[in-house]
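[1] sequence and predicted structure below; questions after.
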Amino acid sequence: ALLPLIVASLGMTTHQTGWVLFAFFIGYASVQPFAGFVTDLVGPKKTLALSVGAFSVFTWTMAMVNTPEELLVRNVLFGIAQGFEVTAGSRLVATWFPMRTRGRAFAFHQTAYTLGPVFVPFIAVPIAQALGSWRWSFLIIAFFGLPVLALIDRFIVDRPERDPRVSDAELNYIFGEEEIAKKHGEVLDPAKAHSAEELPPGERITPYREIFLNRSVGLMFAAGFFGLLATWGLTTWLPTYGYQQLKLPLLIAGTLSSIVYAGSFCGVITGGILSDKAFGMKRTPIWILGGLVMAAALLWATTFQPGVGLPVVYVTFFIAGFFSSWTPVGQLFAPYLAELLTPGAVGRSLGVVVLGGMIGSAVAQPLTAYLIIQTPAGPQFWPAFVLFAVCGVLCSACVCGMIEPRVRRTYVGYVLSGKREGQWKPQSQPS
């Protein structure tokens, strides 16, 4: 929401803006495999605290930048620090919730990524306008991380069986009585266990080759690339699009991203419920639909010019946001990986998947800047919107090749075969 103010203050060109945004996402992407290993090895609580603490520090330093070059370096470091959050939060959800409720639980977790950006323009922009500089917005928002750190310290525990506040009945609900009776192991890395009894409840042996040479994980990497290229390319540039192409006031232009995130908020909640209830804990049907409908909405947005009705713009980008959340990096990725592999491997496998997504996010920034056409009447963003729509279709195509664990084959194959289950099983599962 503050991007137009920052660009004007630092005298940045469109191409410089693209590379500065690229810096954050490439930093975020580069750390993902390492973040996944750290989450699985030291635990999600410590990893989450590290990420939130870094948020406060680097948000504060944002107010100190004076040149595009300083902003670029700061964004690389900020991206590296923030890259630890998604693997930690996903591992917690995968561990603490049973399969039948994971979709809804993870949907609730993902609302944080959508609700926060909805309110950002209504917090950051008024602070900047009231105090006379965009820098004050970052100085004040930096302190928002402190109460979050206190809540992490007070309430987060890595595993439910290690939390004295969790009753036996709750453990039976999460893992099942048989798992609780059979497994009391202390080996937290499912790749290092020699027998199932060495693992905690809810885990199974999952060697590294099953994680990193897995076809579905590879396709998730590709789907994440296309999905986040479209999503982050859209949301990052929408305020500039609204301000420069549609000639909207700054605050209204900033709300365009908020509308996308409002749609995403509704999308993650709806997708989680539908996955658990309507689709019987299947995850891939949601993802197939998401990319296709998002593409249709973005193609419609290519027709917008100054004077287009604001309700039409809002509805279109709300729909785009709703269905952009129905992608393998928008929601349900933690439940899917926990069921395809095991909860204890969610961190490192998700590190691979999010790496693909964040490379897409990074590429989106300079690529979007390159595709913007400069005309005498002002910039035109429609070529970028066409690219985002194509990415939505490619994202859905990748999902069509992924295994749906609940039916032991691809979901497309399941539907085309008359809903017959397949023969897929985890590589490490005995015959």
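    Sure, I can see it.

[2] show me where the stretch 151-300 of the chain has helices.
    Listed in chain order, the helices of the stretch 151-300 of the chain (DSSP state H, counting those that start in this stretch) span 168-175, 177-182, 208-212, 215-244, 250-276, 284-301.

[3] as a markdown table, those with distance to Phe143 would be great.
    Quick note: C-beta positions are derived from backbone N, CA and C, even for glycine. Putting the helices of the stretch 151-300 of the chain into a markdown table (distance: least, C-beta to C-beta, whole Å) gives the following:
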| stretch | distance to Phe143 |
| --- | --- |
| helix 168-175 | 35 |
| helix 177-182 | 42 |
| helix 208-212 | 38 |
| helix 215-244 | 24 |
| helix 250-276 | 22 |
| helix 284-301 | 35 |
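
[4] for those, which one ends up most surrounded?
    Ranked by mean neighbour count under mean count of other C-beta atoms under 10 Å, the helices of the stretch 151-300 of the chain are led by helix 215-244, which reaches a mean of 25.

[5] so which elements touch it?
    If contacts are counted by 3 or more C-beta pairs under 8 Å, 6 or more residues apart in numbering; DSSP states H and E, helix 215-244 sits against helix 3-10, helix 14-30, helix 250-276, helix 284-301, helix 310-324, helix 333-340, helix 346-371, helix 382-400.

[6] show me the contact partners of stretch 376-390.
    Stretch 376-390 has contacts (C-beta atoms under 8 Å, 6 or more residues apart in numbering) with 14, 229-230, 233-234, 237, 241, 244-245, 247, 294-296, 298-299, 301-303, 367-368, 371-373.

[7] so where is the protein shaky, pLDDT-wise?
    1, 117-118, 427-431 (pLDDT under 70).

[8] which residues does Ile319 contact?
    Here Ile319 is in contact with Gly263, Val293, Met294, Ala297 (C-beta under 8 Å, 6+ apart).

[9] and stretch 140-151, what's buried?
    Buried residues in stretch 140-151, counted by 16 or more other C-beta atoms under 10 Å: Ile140, Ile141, Ala142, Gly145, Val148.

[10] between the two ends of that stretch, how far is it?
    By C-alpha to C-alpha, to the nearest Å, the extent of stretch 140-151 from end to end equals 19 Å.

[11] what helix or strand is Thr95 on?
    Take DSSP states H and E as the rule and Thr95 turns out to sit in helix 85-96.

[12] next helix or strand past that helix?
    The C-terminal neighbour of helix 85-96 among helices and strands, as given by DSSP H and E, is helix 99-131.

[13] buried sites along that following helix?
    101-107, 109-111, 113-114, 117-118, 120-121, 124-125, 127-128.

[14] ok, stretch 5-15 next?
    Leu5, Ile6, Val7, Leu10, Met12, Thr14.

[15] now the last one. Nearest residue, chain neighbours left out?
    In this structure, Thr14 finds its nearest non-sequential neighbour in Ala369, 5.1 Å apart by C-beta to C-beta, 6 or more residues apart in numbering.

[16] who's in contact with Gly242?
    Contacts of Gly242 by C-beta under 8 Å, 6+ apart are Leu248, Ile252, Ala253, Gly254, Leu256, Val313.

[17] again, only using 7 Å
    Applying C-beta atoms under 7 Å, 6 or more residues apart in numbering to Gly242 gives the contacts Leu248, Ile252, Ala253, Leu256.

[18] what's the closest of these to Leu274?
    Leu256 (26.6 Å; C-beta to C-beta).

[19] please look at the closest one and Leu238 and confirm they touch.
    Yes: using C-beta atoms under 7 Å, Leu256 is in contact with Leu238, at 4.3 Å.

[20] got the phi/psi numbers for the residue located most distally from the centre of the chain?
    Here the chain reaches farthest from its C-alpha mean at Pro376, the gap being 37.3 Å by C-alpha atoms, centre = their mean. Main-chain dihedrals, Pro376, degrees, to the nearest 10: phi -60, psi -30.
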